[in-house]
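Asker: From the sequence below, what's the structure:
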Amino acid sequence: MTDLSTPPLPGALPDKRQVAASFSRAAASYDSVAELQRNVGTALIERLPQHFQPRRWLDLGSGTGYFSRALACAYPDAYGVAVDIAEGMLQHARPLGGAAGYVVGDAERLPVRSSSVDLLFSSLAVQWCSDFAAVLAEARRSLQPGGVMAFASLCVGTLRELRESWQAVDGLVHVNRFRQFEEYQRLCGESGLQVLCLEQVPHVLYYPDVRGLTHELKALGAHNLNPGRNGGLTGRARMTGLLQAYEQFRQPQGLPATYQVVYAVLHKPLEGDN
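Answerer: Below is the predicted model of the structure:
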């Protein structure tokens, strides 16, 4: 059993219980500020193999069900299951439809039988998983031979403007940590799945001021969840320092927030294939 009194390791990813609770609380506000999430998930769907017709799909980290509904439209004859670690998200999504089933589950221990899924779709969820090798192993286990895993995630460089601005103010951890893109490359290459697509694409959003960005992160449930973060209120002097530091990044469109998005499409080989 993990000793919860032990300080988190430097660079550790957020605790999944806190992630689940944060996104459950954000269920009602999420879709109102989820421009990036919709754009990324749509781009991920566009990367799926042409003429691919899964009979059973799983939307992993389904959130409010936006892409469960998109998958249901794309594959009307398929059976779909929405899986999320945040029960509040599933409760919000269920009345809106899209999936045939809604299951609380963890990407590192999928609640499905082996070789039972044709498409495993996950948009902006697996960045919260500390053991991504386990996620890939579960994908390989649960996919049918010939099945596809498509995921979008975030890597190092995400919200670098906010991170650097906070570094200039107090040097504390205020921005969620993410893996290096090279780590995704290594783990996908070692997964036993064939890599059809693996790329890093920057997405930049613009805000009139810093408060617009921080409000959006909170509404998404994606505000700072790092171990070792400062749990107290942000004082006026530090907030003023943040506002001043972030101004160095201002562009004509506003204050930029850069997201480094990883897109991947992996294929489980047919039996007997190399």
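Asker: ok, H267 - how many residues close by?
Answerer: By the measure other CB atoms under 10 Å, the count of residues near H267 is 20. For every residue, glycine as well, the C-beta is placed using N, CA and C.
Asker: partner residues bridging it?
Answerer: V148, Q194 (DSSP bridges).
Asker: List the residues that contact it.
Answerer: If you count contacts by CB atoms under 8 Å, 6 or more residues apart in numbering, H267 has them with P49, G146, G147, V148, M149, L193, Q194, L196.
Asker: so what pLDDT did it get?
Answerer: On the pLDDT scale, H267 is placed at 98.
Asker: Any quick PyMOL command for the buried ones out of the contacts of H267?
Answerer: The buried residues among those can be selected in PyMOL (16 or more other CB atoms under 10 Å) with this line:
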select buried, resi 147+148+149+193
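Asker: So Q53 sits against L71, correct?
Answerer: No - if you go by CB atoms under 8 Å, Q53 and L71 don't touch, sitting 12.0 Å apart.
Asker: more crowded one of these two?
Answerer: Taking other CB under 10 Å, Q53 and L71 do not tie; L71 has more neighbours (26 against 11).
Asker: list the helices and strands the host helix or strand of the more buried one packs on?
Answerer: Using DSSP states H and E, L71 falls within helix 66-74. Contacts defined by 3 or more CB pairs under 8 Å, 6 or more residues apart in numbering; DSSP states H and E place helix 66-74 against helix 35-46, strand 56-60, strand 79-84, strand 117-123.
Asker: Now for Q53 and L71: what residues contact both?
Answerer: Common contact partners of Q53 and L71 (CB under 8 Å, 6+ apart): A78.
Asker: Next, format the contacts of H267 as CSV and append distance to L242.
Answerer: As requested, those are exported to CSV (distance: CB to CB, whole Å):
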residue, distance to L242
P49, 44
G146, 50
G147, 45
V148, 42
M149, 38
L193, 41
Q194, 44
L196, 41
